[in-house]
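Novice: below is the structure, and that's it, no one-letter string:
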């Protein structure tokens, strides 16, 4: 039989999808990474709407160069993301999740 504290900890872990400190740490790292990417794209968190508008205008002005630019970054990211995703999925299937 579980105690109320163990039950509460289980609910917190289920809500976070794992140990809360571990999840928070990963979220902080991911937030920093995404922040760097958004900064490279020229997005400003204090003025996100104007930054998005400038990004769309820049991409529109680039025309077909934008398609090549996006395709190159898509492929570059996919080289890293897709194999990691496949490995994680295979590991979860092997565990029976």
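Specialist: That came through fine. Just so it is clear, the model here is predicted, and its values are computed rather than measured. Residues are numbered from 1 along each chain as shown.

Novice: distance of residue 68 relative to residue 31?
Specialist: Residue 68 is 29 Å from residue 31, where distance means C-beta to C-beta, to the nearest Å. C-beta here means a position set from N, CA and C on the backbone, and glycine is covered the same way.

Novice: what of residue 61?
Specialist: Residue 61 sits 30 Å away from residue 31, going by C-beta to C-beta.

Novice: same question, residue 4
Specialist: Counting by C-beta to C-beta, the gap from residue 4 to residue 31 is 33 Å.

Novice: neighbour count: these two, which is higher?
Specialist: Neighbours were counted for residue 4 and for residue 31 using other C-beta atoms under 10 Å; residue 31 has more, 10 against 7.

Novice: by contact count, what packs against the helix or strand encompassing that one?
Specialist: Taking DSSP states H and E as the criterion, residue 31 maps to helix 20-40. When contacts are defined as 3 or more C-beta pairs under 8 Å, 6 or more residues apart in numbering; DSSP states H and E, helix 20-40 packs onto helix 4-16.
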